[in-house]
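Novice: From the sequence below, what's the structure:
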Amino acid sequence: MNIMYENKIAIVIHKSLYDWQKLNVTAFLASSVAIAFPETHGAALVSATGTVYLPFMKHPILVYAAGSDEQLRRAFSRAVERGLHLGIYTRDLFGTKNEEGNLAEIAKHPDAGLGLVGIVIYGENKKVDKAVDKLNFHA
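Specialist: This next block holds a predicted model:
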């Protein structure tokens, strides 16, 4: 059975991050879509012994690399222009320790001043593709 989804999730990560940071940011950004859009949740996985495991997100998740701040900012702006859902991760969030710290850190900056190191874009496939135009998959 081949199911095509109308929506997709694109995560754009800044290449300058350490590997552990890239993985951490990717996990946080993917979780933001799962939390905001319950329709992205798949069914629980059940083994032959009946053990129930947490479900995956059922929409495709593609991870792209941004080689510069400008590339990341371009994808951000193109997503905003297309009315797509956006999640962000900023460099300063690596220095926070809890949700209150995260909220306070983001609230300090206007959108144009956010030190983005990762974004997640969720929405209609074609619009997401246009937002991440000219970016390559993360290798």
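Novice: could you pull out the strands for this structure?
Specialist: Applying DSSP state E to the chain gives strands spanning 7-14, 45-46, 52-53, 61-66, 85-90, 116-124, 136-137.
Novice: Using JSON lines, lay out those together with mean pLDDT and mean neighbour count.
Specialist: The way it works is simple: take the backbone N, C-alpha and C, and place the C-beta from them, glycine included. What follows is the strands of the chain, written out as JSON lines (pLDDT from 0 to 100; neighbours: other CB atoms under 10 Å):
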{"stretch": "strand 7-14", "mean pLDDT": "97", "mean neighbour count": "23"}
{"stretch": "strand 45-46", "mean pLDDT": "96", "mean neighbour count": "10"}
{"stretch": "strand 52-53", "mean pLDDT": "97", "mean neighbour count": "10"}
{"stretch": "strand 61-66", "mean pLDDT": "97", "mean neighbour count": "19"}
{"stretch": "strand 85-90", "mean pLDDT": "98", "mean neighbour count": "20"}
{"stretch": "strand 116-124", "mean pLDDT": "97", "mean neighbour count": "23"}
{"stretch": "strand 136-137", "mean pLDDT": "94", "mean neighbour count": "10"}
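Novice: Rebuild these as JSON lines, extending it with distance to residue 75.
Specialist: Formatted as JSON lines, the strands of the chain follow (distance: least, CB to CB, whole Å):
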{"stretch": "strand 7-14", "distance to residue 75": "5"}
{"stretch": "strand 45-46", "distance to residue 75": "32"}
{"stretch": "strand 52-53", "distance to residue 75": "33"}
{"stretch": "strand 61-66", "distance to residue 75": "7"}
{"stretch": "strand 85-90", "distance to residue 75": "10"}
{"stretch": "strand 116-124", "distance to residue 75": "6"}
{"stretch": "strand 136-137", "distance to residue 75": "12"}
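Novice: who wins for proximity to residue 28 among those?
Specialist: Nearest of the strands of the chain to residue 28, taken as CB to CB: strand 85-90 at 5.9 Å.
Novice: Neighbouring strands of the closest one in the sheet, and parallel or not?
Specialist: Using DSSP bridges, strand 85-90 pairs in its sheet with strand 116-124 (antiparallel).
Novice: Alright, calling it a day.
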